[in-house]
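[1] the following comprises the amino acid sequence and a computationally predicted model.
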Amino acid sequence: MALVKADEFYPDYRQDYSDIDDIKNFDVYAEDDKVGTVSDILVDDTTGRLRYFVVDTGFWIFGKKVLLPVGRASVDYNDKEIYVRSLTKEQVENLPNFDDLEKVDYDYEERVRGIYSPMSATSSSVTQDTAYDRSTYNYEQEPSLYNVDQQDNQTLKLYEERLVANKQRRKAGEVSIGKHVETETARVAVPVEKERVVIERTNPSSSTPSNPSNAFREGEVARMEIFEETPDIHKEAVVREEVRVKKVVDRDTVEAQEKIRREELDIDTSGRPVEDKQF
């Protein structure tokens with residue numbers, strides 16, 4: 001009775017035994033802390049039954065590898081985790097280091113069983129007959145260490161659908177505001193003044209003869225300046241109107257309606273009492 005690696009005993013296990021391949025790299029937890037990850041699986045070379053998980057403790061416990069009997073493990077495929085009942089981190093430190101499969105003989109396994117057997121006795125109400133020796137030992141004599149109880153601890157997850165509302169910002173359009181020049185004819189009226197000279201001649205009302213001193217002098221001239229207004233019309237650019245451009249946000253609520261599904265638990269007790277706890 002010897003042990004071999006699962007991928008050697010089942011060369012096509014990746015296709016035929018997908019669960020075995022899935023267990024690799026599962027995280028392993030003791031009662032008080034994480035102790036490592038599954039790096040390999042050992043099977044019985046005569047029956048092909050799983051016997052040990054090889055746990056790589058990495059930096060959690062000095063980087064050594066140890067063996068975990070499959071009967072002590074509760075496998076949670078959903079969370080990809082393995083829990084070891086009644087095992088502490090200190091006990092993992094006391095397990096013999098797994099270096100080479102060739103060194104795993106009866107004496108080596110006895111050292112491993114010596115760590116796990118006390119835990120099996122305290123966690124099981126059934127007393128097993130452990131009277132055996134090197135020549136008569138069989139894995140079936142210790143079912144608490146090597147039998148995988150599929151019904152002992154299983155996880156069933158109930159799912160429900162939920163409506164998730166998100167928003168996406170997209171460009172709905174564009175408003176462009178510019179200006180152009182229009183031409184029109186404007187008319188303006190400007191009143192102007194022009195001066196002109198009016199010469200009035202009158203007959204003197206008095207006929208009394210006189211002899212003025214300035215009579216009959218040539219070159220006498222009367223001068224008068226004449227002014228007129230001319231229109232000064234030109235164009236000036238002035239601000240007629242100011243246009244301000246800004247954005248405001250209009251808020252609205254969009255409602256959607258969809259059918260969603262939810263899984264509920266169906267319990268068939270077959271007449272047996274079941275305690276349903278909710279946490």
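    Cool, the structure landed. Note that the coordinates shown come from a computational prediction; the quantities given were computed from them, not determined experimentally. Residues are numbered from 1 along each chain as shown.

[2] what ranges does the stretch 1-150 of the chain have for its helices?
    Assigned by DSSP state H, counting those that start in this stretch, the helices in the stretch 1-150 of the chain fall at 6-9, 13-16, 18-23, 89-94, 106-123, 143-146.

[3] comparing these, which gets the lowest mean pLDDT score?
    When the helices of the stretch 1-150 of the chain are compared by mean pLDDT, helix 13-16 comes last with a mean of 50.

[4] quick one: low-confidence ranges for the stretch 1-150 of the chain?
    1, 11-22, 118-132, 149-150 (pLDDT under 70).

[5] just checking, Arg49 touches Leu42?
    No. Here Arg49 lies out of contact with Leu42, judged by C-beta atoms under 8 Å, at a distance of 10.4 Å. From N, CA and C alone the C-beta is placed, and that goes for glycine too.

[6] between the two, point out the one with more neighbours.
    Shown here are Arg49 and Leu42; by other C-beta atoms under 10 Å, Leu42 has more neighbours (24 against 14).

[7] isn't that one right up against Leu101?
    Yes. Between Leu42 and Leu101 there is a contact at 7.3 Å, judged by C-beta under 8 Å.

[8] overlap in contacts, those two.
    3-5 (C-beta atoms under 8 Å, 6 or more residues apart in numbering).

[9] out of the residues you listed, which are inside strands?
    3-5 (DSSP state E).

[10] ok, so of those, who is nearest Lys171?
    Lys5 (59.9 Å; C-beta to C-beta).

[11] so the closest one makes contact with Asp45?
    No. Taking contacts as C-beta under 8 Å, Lys5 lies outside contact range of Asp45: 10.0 Å.

[12] so what sits against both of those two?
    With C-beta under 8 Å, 6+ apart, Lys5 and Asp45 have no common neighbours.

[13] assign the residue nearest in space to the middle of the chain to helix, strand or coil.
    In the chain, the centroid-proximal residue (C-alpha atoms, centre = their mean) is Asn166; its distance is 12.5 Å. Following DSSP: H, G, I helix; E, B strand; the rest coil, we place Asn166 in the coil state.

[14] what pLDDT is listed against it?
    Per-residue confidence (pLDDT) for Asn166: 88.

[15] measure it to Gln257 for me?
    For Asn166, the distance to Gln257 (C-beta to C-beta, to the nearest Å) stands at 17 Å.

[16] what do you get for Tyr77?
    Applying C-beta to C-beta, the value for Tyr77 to Gln257 is 36 Å.

[17] write the ChimeraX selection for whichever of the ones in strands among the shared contacts of Leu42 and Leu101 are buried.
    Selection of buried members from those for ChimeraX, criterion 16 or more other C-beta atoms under 10 Å:
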select :3,4
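
[18] what would the ones in strands among the shared contacts of Leu42 and Leu101 look like in CSV with distance to Glu228?
    As requested, those are exported to CSV (distance: C-beta to C-beta, whole Å):
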residue, distance to Glu228
Leu3, 130
Val4, 129
Lys5, 124
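
[19] out of the ones in strands among the shared contacts of Leu42 and Leu101, the closest to Tyr139 would be?
    Closest to Tyr139, out of all of these and judged by C-beta to C-beta, is Leu3, at 10.0 Å.

[20] now do that closest one against Asn25, distance only.
    21 Å.
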